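**Student:** Below are the sequence and a predicted model; questions follow.
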Amino acid sequence: MAAYSLDELEYWNDKIEKLVWDAGLDCYEQHFEICSYEDMLCYEAYVGMPSHYPHWSFGKAYERQKTFYKYNLVGLPYEMVINSDPCIAYLMRDNTLLIHILTMAHVYGHNDFFKNNRLFKRDTWANLEMEMFKAHANRVREYIQDPSIGPDKVERILDAAHGLKFQTCRHGERKKISEEEEGTVPERLKDDLLAFLAEKGKLAEWERDLIHIVREETMYFIPQLETKIMNEGWASYWHYQILNQLELPQGLHLEFLQRHHLVIRPHQGQINPYFLGFKMFEYLDQQPGGREKIMAIRSEDRDQSFIRRYLNQELCEKLHLFSYGIQGEDIVVTEVSNEEGWKTVRDNLANAVGLGSIPIIRPVGVENGTLLLEHVCDQRELELNYAQETVKYVVDLWGGKVDLRVKIDNNPKIISCSEGKIVNVHD
Amino acid sequence: MAIFKDGNTNSSDRSAWDRKRHRQLVEESIKKNLGDIIAEESIIGQSKDKKIKIPIRGIKEYQFIYGKNAGGTGSGEGQEAKGQVIGKANGQPGQQPGQGQAGNNPGEDVYETEITIEELTSYLFDDLQLPDMERKKFAQIESERKFKRSSFQRKGIPPHLNKKRTLAEKIKRQKMAQRDKYNNEENESPERIPFHENDLRYCRIKEDTRRHSNAVVICIMDTSGSMDQTKKYLARSFYFLLYQFVRWKYEHVEVAFIAHTTTAQEVNEQEFFHRGETGGTYISSGYEKALEIIEQRYNPAIWNIYIFHCSDGDNWGEDNAKAVALVNQLCTISNLFGYGEITTSSMYGSAISKEYEKQIHLDNFIMVMMGDKTDIWPAFKKILDTESGGNS
């Protein structure tokens, strides 16, 4: 059995909560649920949602996570927090008392972030989210049980919609329906392939509904993707502040330092969001403006703007950030953080965080029933194999031929997928 | 004030349905790739436990992602210099899995599953739901006589003495004597209680005769000049499946390989698949050899005989009539005669296949056409349908 009691957790939570208030954090009511390791795996697979519609990809995520965990490739997350009001967090029963204390403090950081960050305030409705997921699950189950639809047809649409889930409006703006002419792509759907397909594809009503379900869910998760570094950095910054003020007994304090450094350690050759976010907030707290300034930042920014505005030369050098590229078979350092290079490093990073890591595919027109798509190209090109497979999903939802304009080795090409799912690449 | 809730300890397994569906998809994907898988394997002599790696396609969750030219950003140790090589593009550059990376690495899914050949065959055959086929009456020969201990008895020969049981009997008697002594003061029991003849227990031995069902697979292949490497490759995959199938049904399976051009020879597996020859084709020569082998070694009364013949059908015309006659003869003594015609160029049947079609109407004769890898599995299923349909 665990070496702590619920009373102990409540005792430490009281102290933490007091420090949270004193620091001026502004949180939703916090609920903690203590769960087993299997439940934790499950919550992880179902993106934290206790009631989520079924799809095999979640089974895959579960098995994969379990395998990784079994072979010690990754540790389980200490906690899982859901952006909802009240804010719900899961604590894993087998963890030590110190991990629980650390986790609780960390959770309050996320809680405050959810309640105050601009993206979450604008694009999510914390008090309705749990209900939304339940309603979605119920609708999907209804379709599965409907004898005229059934699991296979539902799966076909969900597979396709999942493959395209990020090809939707990225900034939460929900545009009003305006007048529009036939044959072209209406202005409001220009940046929203998924909504375009849901509206214009040859689909049954329930199929459109499935796409909307997937789209709504993506909308809910986009703020989290867009603020991964800030959100984790913010929570780590606060757990560190709070635990240092908690006057922990010596044994717990040592464990805290050890755990903390494990969480925020740099990952060689990658960006650990906990590391980068923590270091940036810690640094900014020391600058003129201090606490007040970082409070404003957590409300206003997203990862991209956060990095562009506040990752300066000093930080870049201190964190040894560098850019890399592929040359032939090798991964080669292309730029390092020094006098000349740091701005490039910063900009490369800023462009690749959050949704910046996902290519944008836009509907540009319809010609004789063929849907024309285009990859909005910066320097980066699509992974061709994946693109060829994913185009088939577009065909599934569009119900006809699809042409995708891309660049391959800097040459314009078209990936065509016929109604029968034959893909070919041509000029 | 935060609210604490101690979650259910015996929670329902919510992911069960999705995991099951996922596993189903994995299995489907394995089956879809059978053509690739079986083509890799040497058909015989693989231990059942040999693991083969199967790349599983189709359960990747495809999305639009950036390719390798996207590059990325990382944190280092401060010693990195422009132009320094820090890793290989194919391997992970010293990364740990599962960690988020800013430059979103497409990353291969870990789904390269390892399964054993035995698992593979059970995947193959479980799904077909074959009826339990009737075996040849005399096909079961006494293969092993074993003696098994079954129970205990008081009489027996010394080698069958069961010491443990005997000792237990003695202890029982000893305890009984002690109890008697308690109840009955005057009844003196002796200090030491020796073994008595009534204590002795012997094992009862039962004879256990096991019967084996035997099968022989006779693989006949046309190795004439027109059978090129690709065609042989197809034939080989086909034989692999058949062999696995026969082995799955029978405990004891022998295999004989016959290679023929205008004359036939019994060869070993290695030669069978790799020997290239030139020259014409008399299919009948292979059949004659098969008859000869059956006569010498595999009495049809006790062996289930399976004969499979792969050829591109390029037989010399004057031989056709003889071949047809021999097929008829072989069919009468075998459980199944399968003729696989490998037609890489066209799907038109050859002259010999037309002859077969016209003149052979036996239930246990089956002819399949294979053009490429994807035809193997359907061809194989067709053969099994015949096998089960003809006997049940």
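**Tutor:** Nice, I can see it. Residues are numbered from 1 along each chain as shown, chains lettered A, B, ... in the order given.
**Student:** would you list every one of the helices in the stretch 201-350 of chain A?
**Tutor:** Taking DSSP state H, counting those that start in this stretch as the test, the helices found in the stretch 201-350 of chain A are A:205-226, A:228-245, A:250-263, A:273-286, A:290-300, A:303-310, A:313-318, A:342-352.
**Student:** what's near enough to touch B:Thr343?
**Tutor:** Residues counted as contacts of B:Thr343 (Cβ atoms under 8 Å, 6 or more residues apart in numbering or on different chains) are B:312-313, B:349-350, B:369-371. From N, CA and C alone the C-beta is placed, and that goes for glycine too.
**Student:** out of the helices of the stretch 201-350 of chain A, deepest packed?
**Tutor:** Neighbour counts averaged per stretch over the helices of the stretch 201-350 of chain A are highest for helix A:228-245, at a mean of 24; criterion: mean count of other Cβ atoms under 10 Å in any protein chain shown.
**Student:** Contact partners for residue 158?
**Tutor:** Since no chain was named, I'll use chain A. The neighbourhood of A:Leu158, defined by Cβ under 8 Å, 6+ apart, consists of A:55, A:140, A:210, A:214.
**Student:** After the helix or strand harbouring it, which helix or strand is next? Please name it.
**Tutor:** With the criterion set as DSSP states H and E, the secondary-structure element containing A:Leu158 is helix A:150-163. Going down the chain from helix A:150-163, the next helix or strand is helix A:193-200, by DSSP H and E.
**Student:** mind checking how far the closest residue to B:Ile157 other than its chain neighbours is from B:Ser151?
**Tutor:** Closest residue to B:Ile157 in three dimensions, ignoring its sequence neighbours and counting by Cβ to Cβ, 6 or more residues apart in numbering or on different chains: B:Tyr202, at 7.3 Å. Using Cβ to Cβ, to the nearest Å, we find B:Tyr202 at a distance of 10 Å from B:Ser151.
**Student:** So between these two, which is more surrounded?
**Tutor:** Set B:Tyr202 next to B:Ser151 and count neighbours by other Cβ atoms under 10 Å in any protein chain shown: B:Tyr202 wins out with 19 against 9.
**Student:** which residues does the more buried one bridge with?
**Tutor:** On DSSP bridges, the residues paired with B:Tyr202 through beta bridges are B:Gln153, B:Leu161.
**Student:** Now do the same contact list for it.
**Tutor:** For B:Tyr202, the residues meeting the contact criterion (Cβ under 8 Å, 6+ apart) are B:152-157, B:160-162.
**Student:** now do 6 Å
**Tutor:** Under the criterion of Cβ atoms under 6 Å, 6 or more residues apart in numbering or on different chains, the neighbours of B:Tyr202 are B:153, B:156, B:160-161.
**Student:** Closest to B:Phe308 out of those?
**Tutor:** B:His160 (49.6 Å; Cβ to Cβ).
**Student:** How many neighbouring residues does that closest one have?
**Tutor:** B:His160: 15 surrounding residues under other Cβ under 10 Å.
**Student:** Surely it touches B:Cys203?
**Tutor:** Yes. Assessed by Cβ atoms under 6 Å, B:His160 is found in contact with B:Cys203 at 4.7 Å.
**Student:** The stretch 101-250 of chain A against chain B: which residues are in contact?
**Tutor:** Applying Cβ under 6 Å from any Cβ of the partner chain, one finds that the stretch 101-250 of chain A approaches chain B through A:Gly163.
**Student:** in the stretch 101-250 of chain A, what residue is nearest chain B?
**Tutor:** Distance from chain B to each residue of the stretch 101-250 of chain A (Cβ to the nearest Cβ) is smallest for A:Gly163, at 5.3 Å.
**Student:** coming back round to it: want to try TSV for the helices of the stretch 201-350 of chain A, with mean pLDDT as columns?
**Tutor:** What follows is these, written out as TSV (pLDDT from 0 to 100):
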stretch	mean pLDDT
helix A:205-226	90
helix A:228-245	92
helix A:250-263	88
helix A:273-286	91
helix A:290-300	88
helix A:303-310	91
helix A:313-318	89
helix A:342-352	88
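**Student:** Would you mind saying which of these lies nearest A:Asn95?
**Tutor:** For the helices of the stretch 201-350 of chain A, distance to A:Asn95 was read as Cβ to Cβ. The smallest value, 10.2 Å, belongs to helix A:250-263.
**Student:** how far away is the closest residue to B:Val255 other than its chain neighbours from B:Ile294?
**Tutor:** Closest residue to B:Val255 in three dimensions, ignoring its sequence neighbours and counting by Cβ to Cβ, 6+ apart: B:Val217, at 4.8 Å. According to Cβ to Cβ, B:Val217 and B:Ile294 sit 12 Å apart.
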